[in-house]
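[1] With the sequence up front, the predicted model follows.
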Amino acid sequence: MSTQTVGVQGMTCGHCVKAVTEEVSAIPGVTDVAVELVNGGTSTVTITASEPISDEAIRAAVAEAGYTLAPPRSLL
């Protein structure tokens, strides 16, 4: 099992959560998607899968739902 967490920008409601959850869940190997909605901010999406999912696959699924990934935070 692999768990990945990404930030998604632009989500504001339950419909947004549903759209992102459906698109990310459609990625082969994904077993669970949990969304912590931050209205108008960067929402946290936690993806559980049988193996790590590529950033590009996640980005494409989020884009298909109509949203964008937040840039990764710098550790500096």
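    Now that the structure is in, tell me what you want to look at. Numbers count the residues shown, from 1 in each chain.
[2] Show the subsequent helix or strand relative to the helix ranked longest in the chain.
    Criterion DSSP state H: the longest helix present in the chain is helix 14-25. Counting by DSSP states H and E, the next helix or strand C-terminal to helix 14-25 is strand 30-36.
[3] tilt between that next one and helix 14-25?
    Interaxial angle of strand 30-36 relative to helix 14-25 (axes from the mean of the first three to the mean of the last three Cα atoms, to 10 degrees): 150 degrees.
[4] ok, and what's touching strand 30-36?
    For strand 30-36, contacts defined as Cβ atoms under 8 Å, 6 or more residues apart in numbering pick out 1, 8, 11, 17, 20-21, 24-25, 43-50, 53. For the C-beta atoms, the positions are set from N, CA and C on the backbone; glycine is no exception.
[5] Quick check, central residue of the protein?
    Nearest to the geometric centre of the chain sits residue 45, at 4.2 Å (Cα atoms, centre = their mean).
[6] Checking that residue next. Helix, strand or coil?
    Of the three states, residue 45 takes strand under DSSP: H, G, I helix; E, B strand; the rest coil.
[7] Please point out which parts of the longest helix of the chain sit buried.
    16-17, 19-21, 23-24 (16 or more other Cβ atoms under 10 Å).
[8] now for that helix, which elements pack on it?
    If you count contacts as 3 or more Cβ pairs under 8 Å, 6 or more residues apart in numbering; DSSP states H and E, helix 14-25 packs onto strand 30-36, strand 42-49, helix 55-64.
[9] wouldn't residue 51 be in contact with residue 2 here?
    Yes - if you go by Cβ atoms under 8 Å, residue 51 and residue 2 touch, sitting 5.6 Å apart.
[10] Quick check: bridge partners of residue 4?
    residue 47 (DSSP bridges).
[11] Great, nothing more from me.
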